[in-house]
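**Q** What follows is a predicted protein model with its sequence.
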Amino acid sequence: MKRASLPLAVGLFCLLPATATVAQTVTAGPDSVKVEAGPAVPDTARMTERLLGWRMTRPRKAIILAGVLPGAGQVYNRKYWKLPLVYAALGGTIYGEYFYWTRYKEFKAGKDARVARANNETGPQTVDNGPNSGNLEIYPATAAGDAKQLNALNFYRLRRDTFFAYIGLAYGAQILDALVDANLYDFDVSDNLALKVEPYVLPLYGAPAAGVAFTFTLRPTPAVPRRH
């Protein structure tokens, strides 16, 4: 049975350097497509940084620094303006965790005191000394007050667990940010780039398919005339 040709072609993003390089052939499956790519760079060539005597890549060093001390990865990448954002995120979530944790402990002790009183116990364990949970105007010593106090306890427990997750997200976000900046540290974002869009034919098995090729090349830097 004749194979059906692909209805859509995939656009190829090709980075073409100014000098010729050795091409590699990338194949996948029986209907392979040849893609010209630049030479592979060995991992050892990327190990240009050192940390405590160990050679490593710049992204790995940024991850380690950010994991040990939040914000150190941003300093390593020279993104100093991100430090207030990192510490604001971590400080805000840690403060929220502390606030809801203390409220949870207070209302937990208040609930235990109400249960002890309901069991006709005597002693200091039956007294709710919490400034919030022990407010009889809001949480009276009635069945309705007990239910209201229990709802407040469940609320603070949920918020405590939620802010614990927020701390993890803020901590992981600053590590991810340091990793991305480290990978893009040497990326060329200058105006000395040219984009060329042209038709391209993919030599697929059975029938060729048309596509579009996007080629990025470096523009030649104009020579600056010397002053005599």
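**A** Looks like it came in fine. Residues are numbered from 1 along each chain as shown.
**Q** what about the closest residue to A72 other than its chain neighbours, distance to T142?
**A** Distances taken as C-beta to C-beta, 6 or more residues apart in numbering place L65 nearest to A72, at 4.0 Å, with adjacent residues excluded. Every C-beta, even on glycine, is put in place using the N, C-alpha and C of the backbone. Look at L65 and T142: by C-beta to C-beta, to the nearest Å, they are 56 Å apart.
**Q** Which of these two has more residues huddled nearby?
**A** L65 (21 against 10; other C-beta atoms under 10 Å).
**Q** how much space between N77 and Q125?
**A** N77 is 54 Å from Q125, by C-beta to C-beta.
**Q** let me fix that: L169
**A** 38 Å.
**Q** Neighbour count for N77 and Q125, which is higher?
**A** Between N77 and Q125, counting by other C-beta under 10 Å, N77 is the more crowded of the two (24 against 13).
**Q** Can you show me the strands along the protein?
**A** Counting by DSSP state E, one finds strands in the chain at the ranges 12-15, 24-25, 36-37, 49-51, 54-56, 193-202, 209-218.
**Q** can you tell me how far D146 sits from A113?
**A** D146 is 11 Å from A113, by C-beta to C-beta.
**Q** where does this protein have its least confident helix or strand?
**A** Taking mean pLDDT, DSSP states H and E as the measure, the chain has strand 12-15 as its least confident helix or strand, at a mean of 34.
**Q** And the helices in the chain?
**A** 43-46, 58-68, 72-76, 83-118, 143-183 (DSSP state H).
**Q** Is it possible to get TSV of these that adds mean pLDDT and distance to L136?
**A** Shown next, in TSV, are these (pLDDT from 0 to 100; distance: least, C-beta to C-beta, whole Å):
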stretch	mean pLDDT	distance to L136
helix 43-46	61	67
helix 58-68	91	48
helix 72-76	94	50
helix 83-118	94	11
helix 143-183	94	7
